[in-house]
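Asks: mind looking at a prediction? Sequence and model below.
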Amino acid sequence: VTLSSFSRGYAPLMQVRSFDAMMVPVVSLLLLFLLSTPIHGLSDSEAIIRFKKSLVVGQPNALASWDDKTPPCTWAGVLCNRGSVWGLQMENLELSGSIDIDALAGLTSLRTLSFMNNKFGGPLPEFKKLSALKSLYLSNNQFEGEIPMNAFEGMGWLKKIYLAQNKFTGEIPISMATLPKLLELRVDGNQFTGKIPEFEHKLHMLNLSNNAFIGHIPEILSMMDPKVFQGNKGLCGKPLETACDTPINELPPQLEAPPKPSSSRTPLVIMAVVTVLMVVIIIGVIILVNRKNKNKQPPLGLETKPSSLQKKTGIREADQSRRDRQQSSHGNGSRRGKKMDTSGGGVENTKLSFLREDRKRFELQDLLKASAEILGSGCFGASYKAVLSSGVSMVVKRFKQMNNEGREEFQEHMNRLGRLRHNNLLPIVAYYYRKEEKLLVCDFAERGSLAVNLHGNQSLGTPSLDWPTRLKVVKGVARGLLYLHQDLPGLMAPHGHLKSSNVLLTKNFEPLLTDYGLIPMIDQMKAQEHMVAYKSPEYLQHRRVTKKTDVWGLGILILEILTGKFPANNLQNGNKNEEDLVSWVNLGFQGVWAPSLFDKEMGKTSHCEGQIVSLLKIGLSCCEPDVEKRLEIGAAVEKIEELKEQQGDSEDFYSTYVSETDGRSSKGASTESINV
Ligand SMILES: Nc1ncnc2c1ncn2[C@@H]1O[C@H](COP(=O)(O)OP(=O)(O)OP(=O)(O)O)[C@@H](O)[C@H]1O
């Protein structure tokens, strides 16, 4: 039995017989363990259809649209972003049965789940297997019983938990109180007992009412509305009027959660020890089997079964038999992994070419074997996230529309891009070149693209980017762009493809430009069809792309960031969509703050209006259709750098604001402008 057949979860039982009898229970356990782990590699529709099987649907035809002949994004309650399922919103459907978490784990982009107002019962399902969830809505069901202390362990993204009006008992699990990003929690209307745990940080929203909590309200919650705690007779301390008799941590025993008799814990301890032992044995067996198989592993490229990325993409290395022939024709002197490029006469590398010295090396085969997830498909091919065995996530971008540059030109250009170093550029870590297959390998950016952060999260209830973050993004993009212009002076549009899906965000919302400097490598016809630079007014009118074309791209991006309007959504007629965004802004913008122009999701904007208006003006100057009148990149960046998150004090704010508007015009002095 090979580990790989096990890991695919379908090890033929007949082969197990060859194992020593002693190992059978261990293997069975291992099998059970593997079979109970999520099945990856399912498509979104397969995962949802599998999930549906565990449901009992009370409302007739509620899920009739869930038919695998149509794309899942058209199904009722399925929330999508760019073709990937981000959420399931299944409310008021009289659902019961069970929630098949392993099936849901097949939805790799899943971030939000709502089963509110249904009839689910039983204990809380193991949602922690869905560690990327951001919100979980289960209010108004009949879930019951104690929630295990570790129920939320590892759910580092979880912001919202709604468990109100169920029948949960026992204490609030500590793993919930220690969630690093928790912002909203509703557990009102249950039968929770024990003390309120110490939350790691303040919550935006909390409701603990109508439970059976006891003891001192933690200091961090003492400023909350008393209503949050009403209906809990045993609670005392601020903000309630009932004072606690004893200081915190010295409550009389009757107010403490009743300690469990130690004798009842003994079997639990024994079970825990046995489980740990079994896990250790299983891990030992896995390591042993793995080592055996490693020794037997075929040389690079010989793996016959397609790996995960391979399966998803069909990407293959150069044909092995050809390689063997070429290696033997080179005799002993030929290096493994190199072969003759029969098309060009040079040497074609079958290995990844690394552009960074500071990176740990891996092979193409490591990527091909890695479990992969499609991030999306752009105009040049799809991008995949591949998780290496070391746990590091990489993105493999497949370029199908490259021109037929020879290997040397390609390599030279990649080396040039690989030498770029800037905080706001996503580095290209490695590339793979074959005549028929070109891949770029980059780091995975945790927060995904600016496009998703601007447009993708609202339907999921996730707050969008606030003004300071938007300004930070614009500044970072501008700096990255200026750097490209300084370091790639030979390119007509050093970025050439600036758009919000090509701006990625780090954990700290630092923007990283990607897909830069590719114009010389892209097939001209395809470039005209798809690349942002070729949609600029100068290209549409005069078939010209210049350095200022990137400035125009920056302008469109600024307008998108401020208005929250996705340029493609403004598409009415052909590829004039970006221009339409400019006309829309020009139509509505009278030189002063006009709330209807700006993205409502931007949050608090008081005292920042002057700066926001200034940025909008810079954006419009970058979108000037006349290339001559359009800002130079240097001037645009300089103006952007001058912007601040907000004015220093109100006087300063007022004067900046008036100077930003036209102080002489009636528009500038309108009540709208003064009353903001
Ligand atoms: N390194 C990365 N880390 C995280 N997400 C990424 C990364 N690279 C690409 N993505 C995301 O994957 C999706 C697909 O990207 P891709 O670059 O293939 O297409 P695109 O940006 O939508 O279009 P285009 O091909 O025109 O650039 C996009 O949402 C993109 O933001």
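Replies: Alright, I've got the coordinates. Note that the structure is predicted; figures quoted are calculated from it, not measured.
Asks: ok, residue 456 - how many residues close by?
Replies: 22 (other CB atoms under 10 Å). C-beta coordinates here come from the backbone N, C-alpha and C atoms, glycine included.
Asks: excluding covalently adjacent residues, which one is nearest to it?
Replies: Distances taken as CB to CB, 6 or more residues apart in numbering put residue 81 closest to residue 456, at 4.2 Å, once the chain neighbours are dropped.
Asks: count the residues that sit near the one you found.
Replies: Residues near residue 81, counting by other CB under 10 Å, number 20.
Asks: my guess is it contacts residue 109. True?
Replies: Yes - using CB atoms under 8 Å, residue 81 is in contact with residue 109, at 7.2 Å.
Asks: now list whatever residues contact both of those two.
Replies: With contacts defined as CB atoms under 8 Å, 6 or more residues apart in numbering, no residue is shared by residue 81 and residue 109.
Asks: confidence score at residue 574?
Replies: pLDDT for residue 574: 40.
Asks: then the one 10 residues further on?
Replies: Looking at residue 584, its pLDDT reads 88.
Asks: now name the helix or strand holding it.
Replies: In the assignment (DSSP states H and E), residue 584 maps to helix 577-588.
Asks: what's the answer for residue 525, then?
Replies: Using DSSP H and E, residue 525 falls in helix 524-530.
Asks: now do that helix: distance to the chain's middle.
Replies: Centre-to-centre, helix 524-530 and its host chain are 29 Å apart (CA atoms, centre = their mean, to the nearest Å).
Asks: use 38 as the first number from now on
Replies: With 38 as the first residue, the last one maps to helix 561-567.
Asks: show me which residues of it are buried.
Replies: 563, 564, 565, 567 (16 or more other CB atoms under 10 Å).
Asks: contacts only, for residue 412.
Replies: 419, 420, 421, 422, 432, 485.
Asks: worst-scoring helix or strand of the chain, pLDDT-wise?
Replies: helix 708-711 (a mean of 22; mean pLDDT, DSSP states H and E).
Asks: which element follows the helix holding residue 562 toward the C-terminus?
Replies: That would be, after helix 561-567 and using DSSP H and E, helix 574-579.
Asks: hmm, the helix or strand just after that following helix in reach of the ligand?
Replies: Note on helix 574-579: by DSSP H and E, the next helix or strand toward the C-terminus is helix 584-600. No - if you take CB under 6 Å from any ligand atom as the test, helix 584-600 misses the ligand, and the best it gets is 12.2 Å.
Asks: could you give the angle of helix 584-600 to helix 614-625?
Replies: Computed by axes from the mean of the first three to the mean of the last three CA atoms, to 10 degrees, the angle separating helix 584-600 from helix 614-625 equals 60 degrees.
Asks: using PDB, write out every CA atom in helix 584-600.
Replies: Taking C-alpha atoms only, helix 584-600 is exported to PDB below (Å, rounded to 0.1, in the frame of the first residue of the first chain):
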ATOM      1  CA  LYS A 584       4.800  56.000 -21.000                       C
ATOM      2  CA  LYS A 585       1.800  58.200 -20.100                       C
ATOM      3  CA  THR A 586      -0.500  55.200 -20.900                       C
ATOM      4  CA  ASP A 587       0.500  53.900 -17.500                       C
ATOM      5  CA  VAL A 588      -0.500  57.200 -15.900                       C
ATOM      6  CA  TRP A 589      -3.900  56.800 -17.500                       C
ATOM      7  CA  GLY A 590      -4.100  53.300 -15.900                       C
ATOM      8  CA  LEU A 591      -3.200  54.800 -12.600                       C
ATOM      9  CA  GLY A 592      -6.000  57.400 -13.000                       C
ATOM     10  CA  ILE A 593      -8.600  54.800 -13.700                       C
ATOM     11  CA  LEU A 594      -7.400  52.900 -10.700                       C
ATOM     12  CA  ILE A 595      -7.800  56.000  -8.500                       C
ATOM     13  CA  LEU A 596     -11.300  56.600  -9.700                       C
ATOM     14  CA  GLU A 597     -12.200  53.000  -9.100                       C
ATOM     15  CA  ILE A 598     -10.700  53.100  -5.600                       C
ATOM     16  CA  LEU A 599     -12.600  56.300  -4.700                       C
ATOM     17  CA  THR A 600     -16.000  55.500  -6.400                       C
END
